[in-house]
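>>> Let's see this in three dimensions:
(one chain, ligands or ions: 2)
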Amino acid sequence: MTIELSGIGVSHGIAIGRAMVLGRWQLDVPHYRVVPEEVPRELRRLARALKQARGEIEALRDQTKQRLGAKYAAIFDAHLLILDDRKLLRETRRRIRERRMNSEWAVAASVQQVLDALMSVDDPYIRERGGDITDVHERLQRIFLGQDNPHHHDLQLTADTVVVAHALNPSDAVWLHQAHIVGFVTEAGGKTSHTAILANALDIPAVLGVDEATRHARDGDLLVVDGHHGMVIVEPDEQQLDRLTAERAHLQQIEVGLVGQRGPAVTRDGIELRVAANIEFPEEMTTVRRVGAQGVGLYRSEFLFLTSSPQLPSEEDHVRAYRQIAERAEGELVVIRTLDLGGEKYFHEVLDGEETNPVLGMRAVRFCLARPDIFRTQLRGLLKVAHEVGNVWIMVPMISGLAEWRAVKSFFETIKKELREEGIDPAGVPLGCMIEVPSAALVADQLAREASFLSIGTNDLVQYTLAVDRNNLSVSYLNDPWHPAVMRLVRDTIAAGHAAGTPVSLCGEFASDPFGALTLLGLGLTMFSCTPTSIPEIRSLLRAASAWEAKRVVEEAMRLGTGREIRERVEDAFGELVENVLGPELSPLPAREATRQPRT
Ligand code: PEP
Ligand code: MG
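Ligands and ions are numbered 1, 2, ... in the order given. Below is the predicted model of the structure:
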C-alpha cells in the first residue's frame, strides 16, 4: 500500500531505493549500589570506559576527515569536548563516590541532568546539540556492556538503499558513506541538527523529522525520498514512480546544466557582476571551483578557531588555512573575515560563557579589540598570506561606527609596521568593513570614505534592525530581510558605496535567494556572495535579468509598506523569469502542484 509521509527536507534531489530499516537500540542501563570498598574499582571502570571512548572517537574523527573532510570531522571534536566536560565528569564521580551508584547509572544520571537543562532552552540549535551528548552517552554504555555499535555493520550492499532510522548520529557518517546508500529518512532531527549536516556532507537526499518512519517503512519496501519538498513515499504506485523517476532525471539535468554555465555573470543589459562564494572551511574550495564561483566573498574564519578548540590557532595555523584558500582560488579574489566568535556563534573556551546578553555583548570585533593578542596573531597570518599570494582582502565583522573602525585601522597599521620591521611589506592590502549593525548602515557614507570596501551582512542586519534573535524559532516569523527598514538600510549602504567609489558586496543569505538576488541587482549591487551550491542558480538568473528592469521594479516595490508586499511585488514581476531559468522544480515559489507540500 502506498503511504505518503512528510518531514523536513534538508537537501536537494530525489532518491529512489529499497528501505533498510534500522531498529532502535534500547538503552538498558543497569542500576545498583556498590559497597564502599568497591568505589575505587568503579571509578577505574569509568576511567577505562572514557579512555576507550576517546580512542574510538579519535579514530572516527580521522576516518571521517579522510572520507568527508575536516568540516565533518569537527563534529567528533565536539564529542571529545563532551567527554572532557569537567562538570559532567565531576558529577558522575560524585555520584559514584557519595551515592555509591554503579558507573553506568552514574553516567546516565549525569547525562540526563544535562539533557534536561538543554531541553529547557528555547534555541533549537542548542537543543539539537543534545543529539551529540546522547551519541557519546550511548557509546559509553555500549563500552560498559562490551558491545559493538549496532549500526556499524559491514554492509555488502548491491542495490540502491534508503536508510530509515529513528536517528542517525554523527558516528554513523562513516558507514553511511558508501556507494549504494542513496538517501535517508529519520524520525528525529531538525534543520540545524548534525543529521542535516551529515546529509549535506554525504550529498544525498534526506528527509528528517518524519513521524513513525520506522513503523511505516519495512525492510525491502521501495521508497522515494524527495529532499527538496520534504516528502517520503513508501511503495509508490507505478504512475508516481514514473513521474518521480522522470523528475529526478530532470533535476539532475538542470543542476548539471547550471553548473556548466561558468564564467562572469553579465546581465542582459551589459552590467558586469561578480558572484562569489561564502565558505566555512578551506576544503570547500573544491566545491567553489566546481560551481565556478568567482572567488570567495566571505570566509568565516571562526571555524578555524572552532576546529582548533580548545587551543587557539597559531600564526602558522592561520597562514596554512589562508594560503590553502588563496592558492586554490587561482587568482580570484578571496575575502577573509576576521574572527566573529560570540553571540549566537560557536562557543569557544576563550569566551566568557556568563554574558547575560551575548548577542549584544562581547562578540566579533569587540572581542578582537579586547583581546589584541588573538587579533594580532590572526592579522599577522592574514597579512603574510595577502602579501605572499596577493589576492586576499580582509574584512572586519560587527563594526558599529567610525570610532570602532578607526581603532581597528590603527591596530591594523601597527601590525603592518611590525611586519615591515621584519622585512615583509604588506602595503595595499584592502581592509573592509562589514555592515551588519544598523548604526553602521546609517553612517555607511562615513565608513565608505575610510574603508577599502563594504560588505553587507543581512543575516545580522535583520537581527539587529528588527530586534529579532536570528536563532529563536518563536520569533522567526519576524525575521524578514524584506522588511522596508532593512531594505532601506541595504539600499542606502549600496548608494553610499557608489557615491564614495568604494566597492560594496553582500554576503548575507539574502543574496542566495533568487528573488533576493534580483532585488539586490535592482538596488545597484554588483558583488554577490552566496552559499556555494546556490551559485549556479543565482548566476544563471542574474545573466537572464536586466539591471535596468530590476531597478524599476524594486524602486516601485520599495514604496510599499510591508515586507510581504515588497516580496510579493518582486515575485509577481520576476516569477516568470525565475521559473523560466530555474524550472518549476528549483523555483523557490510555493509548489504549484496540488500533490506537493510547500517548502518548510
Ligand atoms: C551576516 O550576518 O549576514 C553574515 C554574512 O555573517 P554571519 O551569518 O556569519 O553572521
Ligand atoms: Mg554576521
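
>>> so who does the spatially closest residue to Leu333 that is not a sequence neighbour touch?
The shortest distance from Leu333 to any non-neighbouring residue, by Cβ to Cβ, 6 or more residues apart in numbering, is to Gly295 (4.2 Å). All C-beta spots, glycine's among them, are computed from the backbone N, C-alpha and C. For Gly295, the contacting residues are 274, 276-277, 288, 329, 332-335, 391, by Cβ atoms under 8 Å, 6 or more residues apart in numbering.

>>> Okay, Gly295 and ligand 2: tell me how far apart.
According to Cβ to the ion, to the nearest Å, Gly295 stands 19 Å off from ligand 2.

>>> any idea of the pLDDT on that residue?
On pLDDT, Gly295 comes in at 95.

>>> repeat for Leu241
89.

>>> Next, Leu431: phi, psi?
Phi and psi for Leu431, reported as degrees, to the nearest 10, are phi -120, psi 120.

>>> what's the burial count for it?
By other Cβ atoms under 10 Å, 23 other residues sit near Leu431.

>>> And it, how far from Val408?
Applying Cβ to Cβ, to the nearest Å, the value for Leu431 to Val408 is 8 Å.

>>> ranges for the helices of the stretch 101-250 of the chain?
Counting by DSSP state H, counting those that start in this stretch, the stretch 101-250 of the chain has helices at residues 103-119, 124-128, 130-145, 173-176, 194-202, 213-216, 238-260.

>>> Would you mind finding the most buried of these?
helix 194-202 (a mean of 22; mean count of other Cβ atoms under 10 Å).

>>> shared neighbours of Leu431 and Val408, which are they?
Joint contacts of Leu431 and Val408 (Cβ under 8 Å, 6+ apart) are Val396.

>>> got the residues of the stretch 301-450 of the chain near ligand 2?
Glu436 (Cβ under 5 Å from the ion).

>>> still on that earlier bit, mind listing which of the contacts of Gly295 are in helices?
Among the contacts of Gly295, the ones falling in helices (DSSP state H) are Val288.

>>> Out of the contacts of Gly295, which one has the weakest pLDDT?
Looking at the contacts of Gly295 by pLDDT, the weakest one is Val288, with 87.

>>> before we move on, back to that, the helices of the stretch 101-250 of the chain: which one's closest to Thr158?
Thr158 lies closest to helix 173-176 among the helices of the stretch 101-250 of the chain, at 16.0 Å (Cβ to Cβ).

>>> Below-threshold pLDDT in the stretch 1-150 of the chain: ranges please.
For the stretch 1-150 of the chain, applying pLDDT under 70 flags the ranges 24-26, 71, 122-129, 148-150.

>>> Which one of the contacts of Gly295 is nearest to Gly69?
Val288 (13.2 Å).

>>> Quick check on the contacts of Gly295: which are buried?
274, 276-277, 288, 329, 332-335, 391 (16 or more other Cβ atoms under 10 Å).

>>> Closest one of these to Glu549?
Proximity of the buried ones among the contacts of Gly295 to Glu549 (Cβ to Cβ) peaks at Arg274, which lies at 20.3 Å.

>>> how far away is that closest one from ligand 2?
For Arg274, the distance to ligand 2 (Cβ to the ion) stands at 20 Å.

>>> I figured that residue was touching Pro264, is that so?
Yes - when contacts are counted by Cβ atoms under 8 Å, Arg274 is listed as touching Pro264 (7.2 Å).

>>> In this structure, which helix is the longest?
Per DSSP H, the chain has its longest helix at helix 39-68.
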